[in-house]
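A.B. asks: From the sequence below, what's the structure:
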Amino acid sequence: MPSNSAEVVEAPSAINVDQLYRELEARLRELRPTEDFTALEKAYRFAAERHKDQKRISGEPYMVHPLLVTRQLADMHMEMTCLQTGLLHDVVEDTAATLDEIRKNFGEDVARCVDGVTKLSKLDLASREERQAESVRKMLLAMVSDIRVILVKLADRLHNMRTLGYLPREKQERIAQETIEIYAPIAHRLGMGKIRGELEDLAFQYLEPDASAELLKEFEATRAANEAFLNDIRHIVEVNLAREGIPARVEGRLKRAYSVFQKLKRQKISLDQVYDLLAVRIVTDSVKNCYAALGVIHNEWHPIPGRIKDFIAIPRPNLYQSLHTSVMGPGGRHFEVQIRTEEMHRIAEEGIAAHWKYKEGRRGPGEDDRRVAWLRQLVEWQRELRDPGEFMSTLKVDLYPEEVYTFTPRGKVIILPRDATPIDFAYAIHSDVGNHCVGAKVNGRIVQLKYALRNGDVVEILTQPGHLPSKDWLALVKTSKARNKIRHVINTTARAKAIEIGQKYLEREARRLGVQLMRVPKNQIEAVASEYGYGKIEDLHAALGYGKFSARQILQKMAPGQIPLEMPEPATPTVPSRPGGAAPAQSQRHRRLVGLPGQVL
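C.D. replies: Modelled structure (predicted):
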């Protein structure tokens, strides 16, 4: 029986798989009439053969799923490697096919992409949570070297969400939760607004069925009135733009259900207080005309203070660009206006897939693509988190949209997550600035380091050479970069202290027991360190400082036969084993032993 991905099903119908492939190829020929699709048909035949005895729960051939995933990729204008991966993405996970077979038949690029989207369901991990964490970690690592991995994964997840209805309720909720916490935010961070919106709305139906049904009911009840209102607004906008000689197409839309639900919940307001429930989008030919169109709108209707946003001058981190304004329309009804160029619109809808043209030997966008640079940083920051629960919770925080736009005193824009603090700002500037931060000024006034930064704040960081971060900062910061840098410094400082304590402890205990360490050959000390699993003497000293072993144990191996049996052994002094851990109480004798009078580590 196919595993996880095969559990998601379609409504029963007599679908001919070969016919579905021919329709896929016909669509591709419309898009790329001169391309040879022999390689694609080879991938189809391979996948169809491996999946031929597999069915979805609805009774349909399993091969329907990879074909419709590949159709989604075709509509995204993906190239041949990506399309082949779409057809083959489940064969390693759900059939007896191996990566070596994929590599031999379709090449290294396809094999790498298939491996990247293959979950770790076959590994012997303790729990589903561990499997999920390691599968997501594996996918993220694969994305860094080849962004096609996540494009296939998003197409796969989108089709699975469209066909979620036949699964048991518990699985529906689990898959929808993962979608809304991981895959929709990834789509957002890659600028893929169209896919993100559909993923969120589909997940919303399963996670909040009552709220979803109620909102859709309200939308339906007011649909006719809303459509009439938007048609009137569109006509007025088109007439005014034409009069000013601004070429444009004007569209009307209703805000997405999940987005409305989030706003109602976050702001604790009613539906009639959502200013951007109704929106008009103006798509024009140039940046100059975007601003000219904004002037036309504000000349016709009064703008609502605080609701004008210029994402053209300051793009969002996912490179989204548009002008937003909310105005008071006819009859006192609010509506939002978005203004952008055609290129901005393409990027807003399709994100990283909008301008991505593959060339020979190229696996993805250039190194300077900020959407992928974010991903590389995220993977680097998460690399050290081995606990599955901590990895997933930290990842979910990192994936949420960045919303606070702050400035350095020289005017550089620093974009941070909501509720970020001056400490996050300091580490965003540079690690050394963060480590040496002792205070901050916001808009010229001293603030506490726990201050939640707001849009437009001008932040100046006060530093002091030699100052190091406090473990208390871990509770204040919102970014992974700040959190991991703070942990690194605390770990490094604690390790240095542990080495010092362990070395002094060993020396004092050696004097007490009459062992002359200076006469113990260095290679013998290294051999003892190796016996305990450490490559360096410093590592052994650190282990002593952390209280993992007693000094007498070590000395008995360094100088066998020299230690009297009747002498009692003092307790081992220790330092905290991890950042923020509480140090064990130490007696005055222990403090004297390590040469740190009165200090509790």
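
A.B. asks: rest of the way, CA atoms for contacts and neighbours
C.D. replies: Will do.

A.B. asks: Could you pick out the longest helix of the protein?
C.D. replies: When the chain is parsed with DSSP state H, its longest helix is helix 480-513.

A.B. asks: How much space separates residue 448 from residue 413?
C.D. replies: Separation of residue 448 from residue 413 (Cα to Cα, to the nearest Å): 21 Å.

A.B. asks: One more: residue 512?
C.D. replies: Residue 512 is 61 Å from residue 413, by Cα to Cα.

A.B. asks: More neighbours: which of those two?
C.D. replies: Taking neighbours as other Cα atoms under 10 Å, residue 512 and residue 413 compare with residue 413 leading, 14 against 11.

A.B. asks: tell me the contacts of that one?
C.D. replies: 405, 406, 407 (Cα atoms under 8 Å, 6 or more residues apart in numbering).

A.B. asks: Can you tell me which of those is nearest residue 457?
C.D. replies: Nearest to residue 457 out of those is residue 406 (Cα to Cα; 5.0 Å).

A.B. asks: That closest one: neighbour count?
C.D. replies: 21.

A.B. asks: ok so it is a helix residue?
C.D. replies: No. Judged by DSSP: H, G, I helix; E, B strand; the rest coil, residue 406 forms no part of a helix; its state is strand.

A.B. asks: State the distance from it to residue 449.
C.D. replies: 15 Å.

A.B. asks: rewinding a little: state the mean pLDDT of the longest helix of the chain.
C.D. replies: For helix 480-513, the mean per-residue pLDDT is 85.

A.B. asks: same for the helix or strand just after that helix, what does it pack against?
C.D. replies: Using DSSP states H and E, the helix or strand that directly follows helix 480-513 along the chain is helix 522-531. If you count contacts as 3 or more Cα pairs under 8 Å, 6 or more residues apart in numbering; DSSP states H and E, helix 522-531 packs onto helix 537-545, helix 551-558.

A.B. asks: Going by neighbour count, list what's buried in the helix or strand harbouring residue 425.
C.D. replies: If you go by DSSP H and E, residue 425 is part of helix 422-429. The neighbour-count check on helix 422-429 (16 or more other Cα atoms under 10 Å) flags 422, 423, 424, 425, 426, 427, 428 as buried.

A.B. asks: And the helices in the stretch 351-500 of the chain?
C.D. replies: Using DSSP state H, counting those that start in this stretch, the helices of the stretch 351-500 of the chain run over 370-382, 388-399, 422-429, 431-435, 480-513.

A.B. asks: which intervals of the stretch 501-601 of the chain have sub-threshold pLDDT?
C.D. replies: Counting by pLDDT under 70, the ranges of the stretch 501-601 of the chain that qualify are 561-601.

A.B. asks: circling back to that earlier point, CA atoms only: put the helix holding residue 425 into PDB for me.
C.D. replies: Output of helix 422-429 as PDB, limited to C-alpha atoms (Å, rounded to 0.1, in the frame of the first residue of the first chain):
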ATOM      1  CA  PRO A 422      16.600  46.100  19.800                       C
ATOM      2  CA  ILE A 423      18.700  43.000  20.500                       C
ATOM      3  CA  ASP A 424      17.300  41.400  17.300                       C
ATOM      4  CA  PHE A 425      18.100  44.700  15.500                       C
ATOM      5  CA  ALA A 426      21.600  44.700  16.800                       C
ATOM      6  CA  TYR A 427      22.300  41.100  15.600                       C
ATOM      7  CA  ALA A 428      20.700  41.900  12.200                       C
ATOM      8  CA  ILE A 429      23.400  44.700  11.800                       C
END
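
A.B. asks: and the angle for it with helix 480-513?
C.D. replies: Interaxial angle of helix 422-429 relative to helix 480-513 (axes from the mean of the first three to the mean of the last three Cα atoms, to 10 degrees): 100 degrees.

A.B. asks: what's in contact with helix 422-429?
C.D. replies: Identification of contacts with helix 422-429 by Cα under 8 Å, 6+ apart yields 414, 416, 433-435, 437, 440, 449-453, 459, 461, 473, 476-479, 481-482.

A.B. asks: which of these are buried?
C.D. replies: Buried among the contacts of helix 422-429 (16+ other Cα under 10 Å): 414, 416, 433-435, 437, 440, 449-450, 453, 459, 461, 473, 476-479, 481-482.

A.B. asks: Does residue 327 lie in a helix or a strand, and which?
C.D. replies: Using DSSP H and E, residue 327 falls in strand 323-328.

A.B. asks: What's the first helix or strand after that strand?
C.D. replies: Downstream of strand 323-328, the next assigned helix or strand under DSSP H and E is strand 334-341.

A.B. asks: Show me what that next one pairs with in its sheet, parallel or antiparallel.
C.D. replies: strand 278-284 (parallel), strand 323-328 (antiparallel) (DSSP bridges).

A.B. asks: What mean pLDDT does that strand get?
C.D. replies: Mean pLDDT, computed over strand 334-341, is 94.

A.B. asks: just checking, what packs against the helix or strand that that strand is followed by?
C.D. replies: The helix or strand immediately downstream of strand 334-341 is helix 342-350, counting by DSSP H and E. If contacts are counted by 3+ Cα pairs under 8 Å, 6+ apart, helix 342-350 sits against helix 193-207, strand 278-284.

A.B. asks: so the helix or strand residue 171 falls within versus helix 193-207, what angle?
C.D. replies: In this structure, residue 171 sits in helix 169-178 according to DSSP H and E. For helix 169-178 against helix 193-207, the angle by the same axes, to 10 degrees is 150 degrees.

A.B. asks: what comes up buried for helix 169-178?
C.D. replies: Neighbour-count burial for helix 169-178, counted by 16+ other Cα under 10 Å, picks out 172, 173, 175, 176, 177.

A.B. asks: ditto for stretch 454-465
C.D. replies: Buried, per 16+ other Cα under 10 Å, within stretch 454-465: 454, 457, 458, 459, 460, 461, 463.

A.B. asks: Any idea how far apart the tips of that stretch sit?
C.D. replies: By Cα to Cα, one end of stretch 454-465 lies 28 Å from the other end.

A.B. asks: Quick one: mean pLDDT over that stretch.
C.D. replies: The average of the pLDDT scores along stretch 454-465 is 91.

A.B. asks: and it, how far out from the chain's middle?
C.D. replies: 26 Å (Cα atoms, centre = their mean, to the nearest Å).

A.B. asks: Then stretch 288-296?
C.D. replies: Taking Cα atoms, centre = their mean, one finds the center of stretch 288-296 at 35 Å from the center of the full chain.

A.B. asks: Start at 55, not 1
C.D. replies: OK, 55 is where the count begins now, so the last one is stretch 342-350.

A.B. asks: So for that stretch, mean pLDDT?
C.D. replies: Averaging pLDDT along stretch 342-350 yields 96.

A.B. asks: quick one: low-confidence parts of the stretch 405-554 of the chain?
C.D. replies: 408-456.

A.B. asks: change it to 80
C.D. replies: Residue ranges of the stretch 405-554 of the chain with pLDDT under 80: 406-457.
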